[in-house]
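Asks: My questions are about this predicted structure, shown below with the sequence.
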Amino acid sequence: MSTQALSDTRAEPMLGQSGRVWLYRTIFVVAMLTAWQGASGTLLDPFWVSSPAAVLKTLVEWTASGQLAYHLLITFKETAVGFVLGATAGVLFALLVGASDILHRTVDPFVTAVYGVPKVALAPLFIMWFGIGLAPKIVLAAISVFFLVFFSTLRGVREVDLKMVDALRTMGAGRFAVQRMVIFPSALPWLFTGLKLGLPYGFVGAVAAEMMASNAGIGYLTQNSAGQLDTAGVFAALFALMVVTTLLNEALGRLESWIFRWR
Amino acid sequence: MRSAHLSVVPAQDGEAQRAPAVELRGVGKAFSSRSGRVEVLSGLNISLQSGEFLAIVGPSGSGKSTVLNLLAGLDRPSAGAVTCQGAPVTAINTGIGYLTQHDSLLPWRTVEQNVAVPLELRKIDRVETAARVRELIVQVGLDGFERHYPSQLSGGMRKRAMLARTLIYDPPVLLMDEPFGPLDAQLKLVLQAELLKLWSARRKTVVFVTHDIVEAITLADRVLVFSSRPCQIRLDEPIAIPRPREVHEVRFHPAFEEHYRRLWAALEPPVRRSS
């Protein structure tokens, strides 16, 4: 029986494992779209649910008119700037706070309390402070990213192997060298987890602020389409945003596996 | 052969005018834990001449590693004084090389980048660093593995890399905490032989903590047997086996058996009690 089983597993499958996964993914998407298309107009009123064909038509129109690229780029800019600012601040603050037990214990309850506030609720405040330009969106995206990166990196800093730190210190490393050579690299996997979690939240922050007050960006496009009772437009805008975040996450994942090639 | 037998008694005339390379005088160390104060060391006196190889054996928890941590300046004594190369140890002691039991290679650096760490910290220029790294890697037998990450190395190779990293900045004093503990017997012999070779070329002062009596006799000029806590020196045994020694032949030397018997006898009571 065992030889039988062995020779069975040796048989080359027609498709590799990842090939099979991609096949199933394609089947899933096609099935969902077909179901949506079929239900729209028969089971459900297209006014409320639109249809894949209508969404595609809107996307094609927006792409042709350059509207989609314009709004996407604005949202992308806000998120990218906010993401970089928030992530940088989060990492630096985590390294600082993580370096001292006293400081960590002092600020911990405050940071946790602020973290608990829904960031979107701060949008009206930022709009009052910074107007309706890019600034409030950047700030909201930055704050959303900041906390996730901060908590994640801090966790990594606190979990650093102290034996490794001691080893470096006996070799003559000062505080700064220990930070650079041990603490930062060992917190890096945690930092990346924070970045990957933070990225979509950065978009959420930017888009939420756009929805409240702006005349450009995906948030505006969604809001504007909804205002005209154009469900296809809402879906099209959200779909475009989904594609962008997915691609960026994939890029982050690639960067991560390149950085952690030592594992 | 150096019968540097000056551990407990203060040094006398001629031979010992030189200040000891490493000295613990009346050292006590207590840790407070949840169950109260634990006294690990008390009134401990140890002194080593420059270039001397001292091994410490003793039951687990007898404070062997604590002695090394005190010398490295990672811990402070609760009483007494620790001096190294004539200077009191009051902060992290960067004049020592500390090879711990624990794997402390940086996993995100390759072998050559790991070995270069001490030179990088001393701001030595790249060309010299590269040359010294190359030399050390060859000496510990890791050539061909320069670009490997620690996760791609075997346990023995990681020990070699750590040894290279410790030797590269040429510290006058080496502290070794069961460096070959978890390795298989054959690899242990190979690494012991290499350690002896490197030591006789560079003549460093070594404090070597081990569980293994044979290893202690093989390597050391003098072996201290610690009792269980609070630690006392049960035996201070100078090893009368001439150098250079061959690690696999030491145990056939006529003096070996006597040393082994005496060390084992000194070690036995606490071992028996704990088991």
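Replies: Here it is on my side, so go on.

Asks: What is the burial count for residue 56?
Replies: As the question left the chain open, I've gone with chain A. By the criterion of other Cβ atoms under 10 Å in any protein chain shown, residue A:56 has 15 neighbours. All C-beta spots, glycine's among them, are computed from the backbone N, C-alpha and C.

Asks: meant chain B actually
Replies: Residue B:56 has 25 nearby residues by other Cβ under 10 Å.

Asks: residue contacts, residue A:67?
Replies: residue A:221 (Cβ atoms under 8 Å, 6 or more residues apart in numbering or on different chains).

Asks: Check what pLDDT residue 143 gets.
Replies: If you meant another chain, say so; for now it's chain A. Looking at residue A:143, its pLDDT is 94.

Asks: that answer is for a different chain, and I need it for chain B
Replies: 90.

Asks: burial measure for it, as a count.
Replies: 11.

Asks: can you tell me the residue of the stretch 101-250 of chain B closest to chain A?
Replies: residue B:104 (3.7 Å; Cβ to the nearest Cβ).

Asks: show me where the stretch 1-150 of chain A has helices.
Replies: A:2-10, A:17-39, A:46-49, A:52-65, A:67-98, A:101-116, A:123-130, A:134-158 (DSSP state H, counting those that start in this stretch).

Asks: Mind listing what's buried along the third one?
Replies: Read it as helix A:46-49. residue A:49 (16 or more other Cβ atoms under 10 Å in any protein chain shown).

Asks: Who are the packing partners of that helix?
Replies: helix A:231-259 (3 or more Cβ pairs under 8 Å, 6 or more residues apart in numbering or on different chains; DSSP states H and E).

Asks: what is the mean pLDDT for the helix it packs on?
Replies: Averaging pLDDT along helix A:231-259 gives 91.

Asks: near chain B at all, it?
Replies: No: Helix A:231-259 does not reach chain B (Cβ under 8 Å from any Cβ of the partner chain); its nearest approach is 8.7 Å.

Asks: For that helix, name the packing helices and strands.
Replies: helix A:46-49, helix A:52-65, helix A:67-98, helix A:184-212, helix A:218-227.

Asks: Would you check how far apart the residue of the stretch 101-250 of chain B closest to chain A and residue B:177 are?
Replies: 11 Å (Cβ to Cβ, to the nearest Å).

Asks: Which of the three states applies to residue B:23?
Replies: For residue B:23, the assignment made with DSSP: H, G, I helix; E, B strand; the rest coil gives strand.

Asks: Could you grab the helix/strand/coil label for the residue of the stretch 101-250 of chain B closest to chain A?
Replies: Residue B:104 ends up coil, using three-state DSSP.

Asks: What sits closest to it if chain neighbours are left out?
Replies: Closest residue to residue B:104 in three dimensions, ignoring its sequence neighbours and counting by Cβ to Cβ, 6 or more residues apart in numbering or on different chains: residue A:167, at 3.7 Å.

Asks: Average pLDDT for the host helix or strand of the one you found, rounded please.
Replies: Assigned by DSSP states H and E, residue A:167 falls within helix A:162-170. Averaging pLDDT along helix A:162-170 yields 91.

Asks: Name the residues of the helix or strand following it that are buried.
Replies: Sequence-wise, the next helix or strand downstream of helix A:162-170 (DSSP H and E) is helix A:175-178. Across helix A:175-178, burial judged by 16+ other Cβ under 10 Å covers A:177-178.

Asks: right, is helix A:175-178 up against chain B?
Replies: Yes: applying Cβ under 8 Å from any Cβ, one finds helix A:175-178 touching chain B at residue A:177.

Asks: roughly how far is that helix from the heart of the chain?
Replies: Relative to its parent chain, helix A:175-178 has a centroid offset of 31 Å by Cα atoms, centre = their mean, to the nearest Å.

Asks: Give the other helices and strands that that helix contacts.
Replies: Against helix A:175-178 (3+ Cβ pairs under 8 Å, 6+ apart) you get helix A:162-170.

Asks: 6 Å - rerun?
Replies: Using 3 or more Cβ pairs under 6 Å, 6 or more residues apart in numbering or on different chains; DSSP states H and E as the contact test, no helix or strand touches helix A:175-178.

Asks: CA-only coordinates of that helix in PDB, if you can.
Replies: Extracted in PDB, the C-alpha atoms of helix A:175-178 (Å, rounded to 0.1, in the frame of the first residue of the first chain):
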ATOM      1  CA  ARG A 175      23.200  53.300  22.400                       C
ATOM      2  CA  PHE A 176      22.900  54.600  18.900                       C
ATOM      3  CA  ALA A 177      24.800  51.700  17.400                       C
ATOM      4  CA  VAL A 178      22.600  49.200  19.200                       C
END
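
Asks: Show me what the mean pLDDT comes to for that helix.
Replies: Helix A:175-178 carries an average pLDDT of 92.

Asks: and if you look at stretch B:168-186?
Replies: 88.

Asks: contact partners of stretch A:168-179?
Replies: Contacts to stretch A:168-179, defined as Cβ atoms under 6 Å, 6 or more residues apart in numbering or on different chains, come from residues A:165, A:182, B:72, B:92, B:94, B:98, B:118, B:121.

Asks: Looking at these, spot the one nearest residue B:214.
Replies: Residue B:214 lies nearest to residue B:98 out of those, by Cβ to Cβ, at 23.7 Å.

Asks: ok, the closest one - contacts?
Replies: A:170, B:72, B:175.

Asks: Any chance of those in JSON lines with distance to residue A:135 and neighbour count as columns?
Replies: Shown next, in JSON lines, are the contacts of residue B:98 (distance: Cβ to Cβ, whole Å; neighbours: other Cβ atoms under 10 Å in any protein chain shown):
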{"residue": "A:170", "distance to residue A:135": "49", "neighbour count": "25"}
{"residue": "B:72", "distance to residue A:135": "52", "neighbour count": "26"}
{"residue": "B:175", "distance to residue A:135": "57", "neighbour count": "28"}
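
Asks: got those as JSON lines, with distance to residue A:189 columns?
Replies: As requested, the contacts of residue B:98 are arranged in JSON lines below (distance: Cβ to Cβ, whole Å):
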{"residue": "A:170", "distance to residue A:189": "26"}
{"residue": "B:72", "distance to residue A:189": "29"}
{"residue": "B:175", "distance to residue A:189": "31"}
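
Asks: Of all residues in the stretch 101-250 of chain A, which one is closest to chain B?
Replies: Closest contact between the stretch 101-250 of chain A and chain B, by Cβ to the nearest Cβ, is at residue A:167 (3.7 Å).
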